[in-house]
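In: attaching a predicted model along with its sequence, questions to come.
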Amino acid sequence: MSQPQEFEKVLTGSASNVAHFEEPKSGLRRLQHFLHSNPAMVPLIVLVALVVFFGIARGPKFFSAYTLTLIMQQVAVVGILAAAQTLVVLTAGIDLSIGVVMVFSFVVTGNAVLTYGLPAPLAILAGFGIAGLCGWVNGFLVSRLKLPPFIVTLGTWNIIMAVCLIYSENATLREADLTAVTSMLHVFGNSFKIGGAVVTLGVVAMILLYIALWYMLNYTAFGRHIYAVGDDPDAADLAGIRTKNVLLKTYALAGAIAGLAAWVSIGRNGSISPSTVVTDFNLQAITAAVIGGISLFGGRGSILGVLFGTLIVGVMSMGLNMLNADPQWKVLLTGVLIIGAVAIDQWIRKVSG
């Protein structure tokens with residue numbers, strides 16, 4: 001055999017031998033890679049498991065179309081707020097003020113109609129405007145002044161809450177008064193039937209919002225920039241992404257979505273009460289986002305997972321109520337799910353290769 005042929009044989013054999021050094025992935029390793037690529041699968045699995053458990057424990061009544069759509073109605077407002085919170089968390093931030101922004105928005109909307117006599121469309125725009133402005137202020141403080149999101153939104157939570165109570169004088173706007181002026185504010189409380197299911201327009205609005213955000217996050221430059229900023233802001237800067245503008249727009253958009261939650265809340269609850277400020281919408285929205293697989297470290301997660309996380313909270317609440325369980329079990333299980341979700345997120349983030 002000639003020297004060139006022998007040399008070629010050595011090279012070929014070496015390449016073949018090197019290929020055998022690749023170790024096959026274990027089942028656990030493949031699962032880790034799968035969950036890393038499909039972050040919505042964990043909350044989906046938990047949701048299905050809960051539905052099956054309560055279905056077996058409570059019987060066919062739990063699987064009725066009416067029960068399942070009632071769960072959707074109950075979580076519509078929190079689901080919309082969770083979507084807003086998700087956008088901020090994806091940038092590695094947090095918005096503790098999102099709940100009171102919603103309350104301030106529907107107080108402004110109601111007063112614009114009853115006190116100032118504005119037409120319903122203008123009043124609704126005013127509600128969206130004030131919510132978007134609150135979000136923009138948060139974004140400005142975080143992006144331009146580089147203040148920590150937790151501290152900024154904790155401060156604006158207190159400021160907005162105080163302004164809301166002072167502005168409204170803690171007076172409740174009654175449903176009868178609002179209905180006498182316009183029915184447009186209650187439009188999301190309207191419902192229609194599909195077989196035995198009763199679907200409100202508020203539920204439809206929540207689902208359409210999630211579809212729109214899913215498209216934005218997956219198929220638009222702005223959506224990809226949100227992930228990039230949350231994953232590594234320095235690398236995003238080097239890639240030419242204007243990180244400050246992305247943060248500003250994200251917080252403002254989250255505020256505007258809180259305005260939508262306000263409008264849906266008016267339709268569901270009827271009356272408008274500033275005392276709703278004390279309700280912990282912030283914690284519920286963060287809980288749904290975390291259980292839905294959104295990483296608190298930013299840059300990872302699926303908006304569809306947040307929808308599943310919202311439904312997990314709703315299914316758990318409804319199931320425990322139907323079993324006549326102590327309400328504290330819901331609190332306990334929610335805490336377990338939050339810790340479990342964060343632990344799974346940490347494990348998935350260790351994937352490499």
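Out: Received, thanks. Numbering: from 1, shown residues only.
In: and Gln240, what are its phi and psi?
Out: If you look again at residue 240, you'll see it is Gly, not Gln. Backbone torsions of Gly240, given as degrees, to the nearest 10, read phi 90, psi 10.
In: list the contacts of Tyr167.
Out: Contacts for Tyr167 (CB atoms under 8 Å, 6 or more residues apart in numbering) come out as Val107, Val108, Asn111. The way it works is simple: take the backbone N, C-alpha and C, and place the C-beta from them, glycine included.
In: in TSV, list these along with secondary structure.
Out: Converted to TSV, the contacts of Tyr167 look like this (DSSP: H, G, I helix; E, B strand; the rest coil):
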residue	secondary structure
Val107	helix
Val108	helix
Asn111	helix
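In: and of those residues, the nearest to Ser143?
Out: Val108 (24.9 Å; CB to CB).
In: relative to Asn138, how far out is that closest one?
Out: 17 Å (CB to CB, to the nearest Å).
In: ditto for Leu70
Out: In terms of CB to CB, Leu70 sits 34 Å off from Asn138.
In: and those two? Which one has more around it.
Out: Taking other CB atoms under 10 Å, Leu70 and Asn138 do not tie; Asn138 has more neighbours (32 against 16).
In: what's the neighbour count on Pro207?
Out: Not quite, residue 207 is Ile, not Pro. 15.
In: that one belongs to a strand, doesn't it?
Out: No. Per three-state DSSP, Ile207 lies outside any strand segment and is helix.
In: what residues are up against it?
Out: Contacts of Ile207 by CB under 8 Å, 6+ apart: none found.
In: pLDDT wise, what is it at?
Out: pLDDT for Ile207: 96.
In: now do it against Ala228, distance only.
Out: Taking CB to CB, one finds Ile207 at 27 Å from Ala228.
In: now the contacts of Tyr167 in CSV, with neighbour count?
Out: Shown next, in CSV, are the contacts of Tyr167 (neighbours: other CB atoms under 10 Å):
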residue, neighbour count
Val107, 25
Val108, 24
Asn111, 19
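In: wasn't Pro43 part of a strand?
Out: No. The assignment for Pro43, made by three-state DSSP, is helix rather than a strand.
In: so Ala76 touches Val204, yeah?
Out: No. Ala76 is beyond contact range of Val204, at 9.1 Å (criterion: CB atoms under 8 Å).
In: and those two? Which one has more around it.
Out: Remark: of Ala76 and Val204, Ala76 carries more neighbours, 27 against 17, as counted by other CB under 10 Å.
In: and that one, how far from Pro121?
Out: Taking CB to CB, one finds Ala76 at 22 Å from Pro121.
In: please apply the same query to Gly314.
Out: 31 Å.
In: likewise for Val306?
Out: Counting by CB to CB - Val306 and Pro121 are separated by 30 Å.
In: who has more neighbours out of these two?
Out: Under the neighbour definition other CB under 10 Å, Val306 and Pro121 were set side by side, and Val306 has more, 30 against 10.
In: flag the shaky bits of this structure, pLDDT-wise.
Out: The model of the chain has pLDDT under 70 over residues 1-25, 175-177, 180-181, 276-279, 351-353.
In: where do the strands of it begin and end?
Out: 191-194, 197-200 (DSSP state E).
In: can I get these in TSV with distance to Leu96 and mean neighbour count?
Out: Below are the strands of the chain laid out as TSV (distance: least, CB to CB, whole Å; neighbours: other CB atoms under 10 Å):
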stretch	distance to Leu96	mean neighbour count
strand 191-194	33	12
strand 197-200	28	18
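In: which of these sits closest to Ile151?
Out: Once the strands of the chain are compared by CB to CB, strand 197-200 is nearest, at 37.3 Å.
In: strand partners (parallel or antiparallel) of that closest one?
Out: Strand 197-200 has the following strand partners under DSSP bridges: strand 191-194 (antiparallel).
In: now the partner strand, how far from the chain's geometric center?
Out: 25 Å (CA atoms, centre = their mean, to the nearest Å).
In: which residues touch it?
Out: Ala65, Val198, Val199, Thr200, Leu201.
In: measure stretch 168-179 end to end?
Out: 19 Å (CA to CA, to the nearest Å).
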